[in-house]
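Visitor: Compute the structure for the input listed below.
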Amino acid sequence: MTQTRDAERARELYDVERYVRALNGGVLVEDPYPDFARLREASAVHHGSVNELLGVPGGQSMRPSAQHFSAWSYEANAIALKDNEVFSSSYYEGGATKMFGRSILEMTGSEHRRYRALVQPSFVPRRASWWIEKWIEPLVEERISDIETETSAELNIDLCSRIPLHTITASFGMSREDAWQFRESLGGGAAADPAAAARRTEIAGALLKSVIEARRIEPQDDLITTLVEAELDEDGVRHELTDEEIMGFARLILTAGSGTTWRQLGILLIALLRQPDLLDAVREDRTLLDGAIEEAVRWEPTDPVFRRLVTRDVELCGVDLPAGAVLELNLGSANRDPARWDSPDTYDPFRKSLPHLGFASGPHICLGMHVARAEMSVAMNAVLDRLPNLRLDSSKPAPRIVGLEHRGPNAIPVVFG
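Guide: Here you go, the predicted structure:
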């Protein structure tokens, strides 16, 4: 009964098409890359937002009165990501609710470095085994054990949606029921009235506060305890984080951790399932898997659009940007720049490895990228080991990758055995 209820919740909360339509005024954006290429070829930087230039509703700005520009080439995006002083993430200042406090997403300079350093050690590659052994492997084993008893599955719901959600919430000391409630508090991508949104925020805040209070009394070997025990050094004075500061961290990590990797894992699966010979090659030679994962992140990053506040008059790739303007970074376009990659629209794990921007770069490079890689690696190894003769279900509509600012598969129907 619990498994049935969990599946129902996953279908409701991880409906990518509903999510995309809610964000983009009912428009289901399937393949924006030809338009990306057209705009990138015309100029590395354009006046106008990504949505505006593509004629897609949505993309509401936190600073609607500011001039908006957008970066389309790899070079323009890489420059802006590296220089967080001129292209400042303070754009996001005030975006978090007061209940959750500020997060490192909106911090800059030394403040960002101090706060990020508190949690960075939990996300470095040498801590991968901590994540894998405590949470990822048990969760993957649970899901694959359930899936392999059948001959078909919808992997977006049955596998991809569950692993990141329960990994990150378990690392914050949340029960399985708390995890679902927290995900529901995010709205699942559905449009909602302000009262409902406020109520969801209240529920999420209460869940986090209860865990923080419990860890202050009885520490555990988990991420929330790391935050509870962390001490911040400010002008030589050390102090523990307040509940509000912890909640700012927690909200960002939980939201990002449960809302991106599930789509990236789905993108990886689709890329391989669409090329059965490539899927077989990876199955036979697992040393190819790391490259397959990295290429999926380059080829189809799940969250390609971020924004920065321009803090002073500056020229970027030949275009003058005034202080106070908003620069939208299009990492999806940057990752398919033919000036950097040959045949960039092709998913090719055998291509020469070059740094991409799928996890961003610079001071705000994705905090959880190594955990995301570990989740995808463990899940894919289990799929390749235990779902023999895996292939797309030809009796179902072919899966599509949809979205503009947030991209992911609408479904991954497969058969096996």
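Visitor: ok, residue 246 to residue 231 distance?
Guide: 12 Å (CB to CB, to the nearest Å). Yep, even glycine has a C-beta here, placed from its N, CA and C like the rest.
Visitor: can you map out the strands along the stretch 301-417 of the chain?
Guide: Taking DSSP state E, counting those that start in this stretch as the test, the strands found in the stretch 301-417 of the chain are 305-310, 314-316, 319-321, 326-330, 391-392, 401-402, 408-409, 413-415.
Visitor: tell me which strands and helices the last one is in contact with?
Guide: Translated: strand 413-415. strand 152-154, strand 391-392 (3 or more CB pairs under 8 Å, 6 or more residues apart in numbering; DSSP states H and E).
Visitor: Could you dump these into a markdown table and include distance to residue 226?
Guide: Putting the helices and strands packed on strand 413-415 into a markdown table (distance: least, CB to CB, whole Å) gives the following:
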| stretch | distance to residue 226 |
| --- | --- |
| strand 152-154 | 35 |
| strand 391-392 | 41 |
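Visitor: Quick check: which of the ones you listed is nearest to residue 121?
Guide: Taking CB to CB, strand 152-154 is the member of the helices and strands packed on strand 413-415 nearest to residue 121, at 36.6 Å.
Visitor: Other residues contacting that closest one?
Guide: 147, 159, 387, 393, 411, 412, 413, 414, 415, 416 (CB atoms under 8 Å, 6 or more residues apart in numbering).
Visitor: give me that answer again for 7 Å
Guide: The contact list for strand 152-154 (CB atoms under 7 Å, 6 or more residues apart in numbering) reads 147, 393, 411, 412, 413, 414, 415.
Visitor: tell me the contacts of residue 396?
Guide: residue 413.
Visitor: Now with 8 Å, please.
Guide: Residue 396 touches 411, 413, counting by CB under 8 Å, 6+ apart.
Visitor: What distance do you get for it to residue 14?
Guide: 17 Å.
Visitor: Equivalent analysis for residue 137, please.
Guide: In terms of CB to CB, residue 137 sits 22 Å off from residue 14.
Visitor: Would you mind measuring the gap between the ends of stretch 155-167?
Guide: 17 Å (CA to CA, to the nearest Å).
Visitor: Kindly provide the whole-number mean pLDDT of it.
Guide: The average pLDDT within stretch 155-167 is 94.
Visitor: buried ones in that stretch?
Guide: For stretch 155-167, the neighbour count (16 or more other CB atoms under 10 Å) marks 155-167 as buried.
Visitor: Residue 343: neighbour count?
Guide: Number of residues near residue 343 (other CB atoms under 10 Å) recorded here: 10.
Visitor: gap between it and residue 282?
Guide: 20 Å.
Visitor: Please apply the same query to residue 20.
Guide: 28 Å.
Visitor: the more surrounded of those two?
Guide: residue 20 (24 against 20).
Visitor: what about that one, helix or strand, and which?
Guide: helix 16-23 (DSSP states H and E).
Visitor: Same question for residue 70.
Guide: Per DSSP H and E: strand 68-71 holds residue 70.
Visitor: Counting neighbours, which bits of whichever helix or strand comes after that strand end up buried?
Guide: As assigned by DSSP H and E, the chain's next helix or strand after strand 68-71 is helix 74-82. Going by neighbour count (16+ other CB under 10 Å), the buried part of helix 74-82 is 74, 75, 76, 77, 78, 79, 80, 81.
Visitor: which strands and helices sit next to helix 74-82?
Guide: Counting by 3+ CB pairs under 8 Å, 6+ apart, helix 74-82 packs on strand 87-88, strand 314-316, strand 326-330, helix 331-334.
Visitor: quick one: average pLDDT of that helix?
Guide: pLDDT averaged over helix 74-82 gives 98.
Visitor: Tell me what angle that helix forms with strand 326-330.
Guide: Here the directions of helix 74-82 and strand 326-330 differ by 120 degrees (axes from the mean of the first three to the mean of the last three CA atoms, to 10 degrees).
Visitor: Turn the helices and strands packed on strand 413-415 into JSON lines, columns for mean neighbour count and distance to residue 179.
Guide: Shown next, in JSON lines, are these (neighbours: other CB atoms under 10 Å; distance: least, CB to CB, whole Å):
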{"stretch": "strand 152-154", "mean neighbour count": "19", "distance to residue 179": "20"}
{"stretch": "strand 391-392", "mean neighbour count": "14", "distance to residue 179": "29"}
